[in-house]
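Asker: For reference, the sequence and a predicted model appear below.
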Amino acid sequence: DAKTTQPPSMDCAEGRAANLPCNHSTISGNEYVYWYRQIHSQGPQYIIHGLKNNETNEMASLIITEDRKSSTLILPHATLRDTAVYYCIVRVYNNFNKFYFGSGTKLNVKP
Amino acid sequence: EAGVAQSPRYKIIEKRQSVAFWCNPISGHATLYWYQQILGQGPKLLIQFQNNGVVDDSQLPKDRFSAERLKGVDSTLKIQPAKLEDSAVYLCASSLPDNNEQFFGPGTRLTVL
């Protein structure tokens, strides 16, 4: 039931920007895009979310295309501690919030 | 603030046995979620509570899984009887009703032999 597709893995050099793509071509107008990450043996951790405007916080930036069919999570200066599985999620609201997790992208940050 | 607490952290049982997991959400969080995460996959929502009421249990295998949140605070997820394919990490999360962020606990890793 996942509404997103992501590459299974990506590599990034330490100190460089990590750009993680996500495709959500069937997203509806009122559905938000969320990003979570999961470091090994821990529960997922919220990163950022957005509807149609680009968003930035202390952890990352979220770029959503104008047609909203895809988005990119940007970690501006990746560190070894950013090695994790990153999930792009569509939040559906139908009287209550429902989150659909896909399989995520394993980001490997290398020294 | 204290995070979401779960216990036990690990559990090993044989198939056809019963098992229960406990979750204590962040204080004041009315919404509580149970997820199942099979190795190599993303979390799958099993059940969602708003206070002590169920708002979504469409993906809960009700013939063997049950969950309750009697006082609207902590929650228990039970499997009876367990099958081999139930081996997974069971994650509990909580959030404020209209808040965008779910806070996850560390999970319980279940191995069914």
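Answerer: Yes, it's here.

Asker: For the rest of this, base every contact and every neighbour count on C-alpha atoms.
Answerer: Noted.

Asker: Quick check: beta-bridge partners of the residue nearest the centre of chain B?
Answerer: Residue closest to the average C-alpha location in chain B (CA atoms, centre = their mean): residue B:34, at 3.1 Å. Beta bridges link residue B:34 to residue B:47, residue B:92, judged by DSSP bridges.

Asker: just residue B:112 next, same as before
Answerer: So, taking DSSP bridges as the rule, residue B:112 has residue B:13 as bridge partners.

Asker: Give me the distance between the closest residue to residue A:80 other than its chain neighbours and residue B:63.
Answerer: In this structure, residue A:80 finds its nearest non-sequential neighbour in residue A:109, 5.3 Å apart by CA to CA, 6 or more residues apart in numbering or on different chains. Distance of residue A:109 to residue B:63, computed by CA to CA, to the nearest Å: 43 Å.

Asker: What about the closest residue in space to residue B:70 that isn't next to it in sequence, how many residues nearby?
Answerer: Among residues not flanking residue B:70 along the chain, residue B:52 sits closest, at 5.6 Å (CA to CA, 6+ apart). Residue B:52 has 18 neighbouring residues, counting by other CA atoms under 10 Å in any protein chain shown.

Asker: For residue B:33, see how far away residue B:52 is.
Answerer: 12 Å.

Asker: Kindly report the same for residue B:77.
Answerer: 10 Å.

Asker: picking that back up, using CSV, write out every CA atom in the one helix or strand the residue nearest to residue A:80 maps to.
Answerer: Residue A:109 belongs to strand A:105-110 when assigned by DSSP states H and E. Only the C-alpha atoms of strand A:105-110 are listed here, as CSV (Å, rounded to 0.1, in the frame of the first residue of the first chain):
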residue,chain,number,x,y,z
THR,A,105,16.6,4.2,0.9
LYS,A,106,19.6,3.0,2.8
LEU,A,107,22.0,5.9,2.9
ASN,A,108,25.7,5.0,3.4
VAL,A,109,27.8,7.9,4.3
LYS,A,110,31.5,7.1,3.7
